[in-house]
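Colleague: the sequence isn't on hand, but the structure is:
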């Protein structure tokens, strides 16, 4: 048995011990130790496939109906494994500090740590197994573990609802996935990915259907628009490290599944590429629009996940197109940019959620309208959040710029087969530029409103900086964001072998298409150096400078309540797009010259898709009730319903006996 | 190559503040005054550099660093633009993406510094600047991609090069779109009024109310450099002598830059500022022009042999 599979029993033992041990400290130590051991085992064994060696293969006999479980860690699986497990370990470390107040009040944390172990376990299964049933098992373990992790504060009804919402959505995705697998099973009489692959590579009418079913299932997992409705709720409800792991790591399994089946499917058709590209662009567009108006910091970050998976899918769509057109350069740029963006997003999004968690720990609120001036009280958290914000807005000199740059290179290269195709690609690039500008707006708003200025609400008590166990994971992620931005080889080397799995890959071609990156990196480094020097100099010089009040433009009685708020910051922008972002507005404007009653204004931006789903569901429920109430009263209805039921049963019986 | 370096650096050193002075002079002439000397902005910057700054007690170190980030990004964007028409200081494929993103970094720095003061006025300016930039950024990409597809290149300076190939309409669209981009980025009428005295109506100026001393000098210099970068992009597009290089191309390019500055000053003197709510629509015109340029570029690529 290769060593990476040894991590499975290790993680299970860790989980059992964590549940069994009485003290929270012991549970935490056991979970951390077993996860560290699992990380070590996995990293040691995925090294060869990740850096150009062959795939690890293994057949494990198992009683029927499975007979054998094939495991195979190729470069793609190795890429996802190589950062998923270490990041989960960092998240577990963060949990130790984040949950300390709950532990101090007597809460048992054993199950929580056990669940974190199970999440790590699900990665080992999902990213290595080649059998659909075991894949579904890993999928389900991850989903249920994530659900239980989300409802840590289960006493709050709101949080239970958010968790339930997530559970339902993820299972709708599971049903679609099961449907796709059943369809494949009916065609191949096998549950192995290898036989799926040999079926999918042949042109057949079912190929497109299966592609769409798989696409929907994986899109639900990764929270693409319009399947994202569960995401902002779940992220707002979960503890910070769970949000971070869900957004950065767990839901990347959807993108992994998509790529896995892309590789199995072989050369795609052109319409598939356009579908993925446009789907990704829509996701990025709507995700980023919603980030601009949120007042809950963690909801905002949740929507930003939808945006970033959209950007990755934009890259994948470009790769699909390049593959189907037979233009290797586009294929390489698209898949390289998309894959790298997945990693970059995991790096900065975990950092942002961790920093938001530190804010929550200190201020017990992540409501932008109530925060303000946190940078003075939490300078370290502020610096780390700023790094995450800049990285998230794809600004130089951080990592995300590089992956987006690669996608831009593909979109703007003008290598499509027709001018029309090229025009659409350029428009997609302009869309990506819009997404970048809006994410800069949202990032500046999130950081500026919560950390800068003065505290907006005296009733928000601000505690201390987070403890070391929370700072270390943040520092690791921030360091990675900067290092990957300045030394692209770190990221590129991890992606390179995965690209080697595509049939159109040649090392020379990859070198050629990525050559422009060198100029960008050189420029980024220079800029970083200059910023460092200027920053240090100005920081030192400013220490001794004179201080005064902020210029009030002649008005003497300003108060912190009069600062620009999150809503006022995005008001102008959201009006441009009010058709996509319905604003709920409650106002009572003071009427007379000397108003007797104070005026009031409350604005709230709801999720348009979710609103619509709830409307339809409510109406559907009414329709069902109406029909079901009429059945007992009217014999005609009862007769018709009985006939329908009989027909269905008869048809099923006929099918199974035939 | 060294010559190209030298002249670019030299023009980067002298032209920006001169152009700002020129715009101011044009405005005063239109309003019937003689106006300040051409080098007044340079004197102002030199004076400010010697002054010691005062910081608001609300601010954090970010406020002190932001102006220099802004200046650095302005310089970084100037590196890839052919300031003298032919060659830039540095270039690499897809450098216009870098161009757009360093401008974004500078903008974010100034916006954050404005929010750092906790002043409602500055927050107002920050929100406006961010909002306008979201519509503006796609324009840059559309125009750059259109020019690139016509010239069959991926670098900015080759795409900006004047070619007598008859793609007049494309060039007109690109120039007009870039002019609107410049008006927004350099905070000029009809988007923003740089010389108003009412904070409520400002965009860029209101964000820098609290900066003083050398920090303010950095911001003014950065803004002037952005103006020069914008004018020299338009100048390169219009300059038929640039491809020849040499003194003629250089002189023509700088003269065209000055001409664009005169044009900006003239528009500013004759046109009233738009309502802030309609500014995105005004940038929408640039978006439309960019899209048109893109289609023309695509068609041109087909019809070319």
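Modeller: Noted; the coordinates are in hand. From a predicted model like this one, the values you see are computed outputs, not experimental measurements. Residues are numbered from 1 along each chain as shown, chains lettered A, B, ... in the order given.
Colleague: list the contacts for the residue nearest to residue B:282 when sequence neighbours are not counted?
Modeller: Excluding the flanking residues, the one nearest residue B:282 by C-beta to C-beta, 6 or more residues apart in numbering or on different chains is residue B:274, at 5.8 Å. All C-beta spots, glycine's among them, are computed from the backbone N, C-alpha and C. The contact partners of residue B:274, by C-beta atoms under 8 Å, 6 or more residues apart in numbering or on different chains, come to B:190, B:191, B:282.
Colleague: let's see 10 Å
Modeller: Counting by C-beta atoms under 10 Å, 6 or more residues apart in numbering or on different chains, residue B:274 touches B:189, B:190, B:191, B:192, B:280, B:281, B:282.
Colleague: where does pLDDT dip in the stretch 201-305 of chain B?
Modeller: Residue ranges of the stretch 201-305 of chain B with pLDDT under 70: B:300-305.
Colleague: for chain A, give me its nearest residue in it.
Modeller: Nearest residue of the stretch 201-305 of chain B to chain A: residue B:298, at 4.0 Å (C-beta to the nearest C-beta).
Colleague: so that residue touches residue A:418, yeah?
Modeller: Yes: using C-beta atoms under 10 Å, residue B:298 is in contact with residue A:418, at 9.2 Å.
Colleague: the two: which has the busier surroundings?
Modeller: Taking neighbours as other C-beta atoms under 10 Å in any protein chain shown, residue B:298 and residue A:418 compare with residue B:298 leading, 21 against 11.
Colleague: host element of the more buried one?
Modeller: Here residue B:298, judged by DSSP states H and E, is contained in helix B:279-303.
Colleague: now for that helix, which elements pack on it?
Modeller: Judged by 3 or more C-beta pairs under 10 Å, 6 or more residues apart in numbering or on different chains; DSSP states H and E, helix B:279-303 is in contact with helix A:419-451, helix A:566-576, helix B:120-151, helix B:168-185.
Colleague: would you mind giving those as JSON lines with mean pLDDT, distance to residue A:211 and mean neighbour count added?
Modeller: Shown next, in JSON lines, are the helices and strands packed on helix B:279-303 (pLDDT from 0 to 100; distance: least, C-beta to C-beta, whole Å; neighbours: other C-beta atoms under 10 Å in any protein chain shown):
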{"stretch": "helix A:419-451", "mean pLDDT": "92", "distance to residue A:211": "20", "mean neighbour count": "25"}
{"stretch": "helix A:566-576", "mean pLDDT": "87", "distance to residue A:211": "36", "mean neighbour count": "21"}
{"stretch": "helix B:120-151", "mean pLDDT": "88", "distance to residue A:211": "30", "mean neighbour count": "26"}
{"stretch": "helix B:168-185", "mean pLDDT": "89", "distance to residue A:211": "39", "mean neighbour count": "21"}
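Colleague: residue B:21 is nearest to which of those?
Modeller: Nearest of the helices and strands packed on helix B:279-303 to residue B:21, taken as C-beta to C-beta: helix B:168-185 at 17.1 Å.
Colleague: thinking again about what came up before, who wins on neighbours among the contacts of residue B:274?
Modeller: The residue in the contacts of residue B:274 with the most neighbours, by other C-beta under 10 Å, is residue B:192 (26 neighbours).
Colleague: now the phi/psi pair for that one, please.
Modeller: phi -150, psi 150 (degrees, to the nearest 10).
Colleague: for it, what are its contacts?
Modeller: For residue B:192, the contact set (C-beta under 10 Å, 6+ apart) comprises B:125, B:128-129, B:132, B:183-186, B:201-206, B:273-274, B:276, B:279.
Colleague: residues from the stretch 251-400 of chain A in reach of chain B?
Modeller: For the stretch 251-400 of chain A, the residues in contact with chain B (C-beta under 10 Å from any C-beta of the partner chain) are A:288-289, A:292, A:372-373, A:375-376, A:379, A:382-383, A:386, A:389-390, A:393-398.
Colleague: all strands of the stretch 501-650 of chain A, in order?
Modeller: Along the stretch 501-650 of chain A, counting by DSSP state E, counting those that start in this stretch, strands occupy A:546-548, A:583-588, A:600-605.
Colleague: got the ones you listed as CSV, with mean neighbour count and distance to chain B columns?
Modeller: Listed next are the strands of the stretch 501-650 of chain A as CSV, based on neighbours: other C-beta atoms under 10 Å in any protein chain shown; distance: least, C-beta to the nearest C-beta, whole Å:
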stretch, mean neighbour count, distance to chain B
strand A:546-548, 11, 5
strand A:583-588, 10, 15
strand A:600-605, 13, 15
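Colleague: and the pLDDT at the closest residue to chain B within the stretch 551-658 of chain A?
Modeller: For the stretch 551-658 of chain A, the residue closest to chain B is residue A:564, as judged by C-beta to the nearest C-beta, at 2.5 Å. Residue A:564 is assigned a pLDDT of 86 by the prediction.
Colleague: kindly report the same for residue A:124.
Modeller: On pLDDT, residue A:124 comes in at 90.
Colleague: which residues does it contact?
Modeller: A:4-8, A:10-11, A:38, A:41-42, A:71, A:73, A:77, A:81, A:84-85, A:138.
Colleague: the same query, at a cut-off of 6 Å, please.
Modeller: Residue A:124 is in contact with A:7, A:8, counting by C-beta atoms under 6 Å, 6 or more residues apart in numbering or on different chains.
Colleague: the one 3 residues further on too?
Modeller: By C-beta under 6 Å, 6+ apart, residue A:127 lies in contact with A:77, A:80, A:81.
Colleague: what comes up buried for the one helix or strand it maps to?
Modeller: Following DSSP H and E, one finds residue A:127 within helix A:110-128. Across helix A:110-128, burial judged by 16 or more other C-beta atoms under 10 Å in any protein chain shown covers A:110, A:112-128.
Colleague: now the element after it, going C-ward?
Modeller: Note on helix A:110-128: by DSSP H and E, the next helix or strand toward the C-terminus is helix A:132-150.
Colleague: that following helix packs against which elements?
Modeller: Judged by 3 or more C-beta pairs under 6 Å, 6 or more residues apart in numbering or on different chains; DSSP states H and E, the packing partners of helix A:132-150 are helix A:110-128, helix A:157-188.
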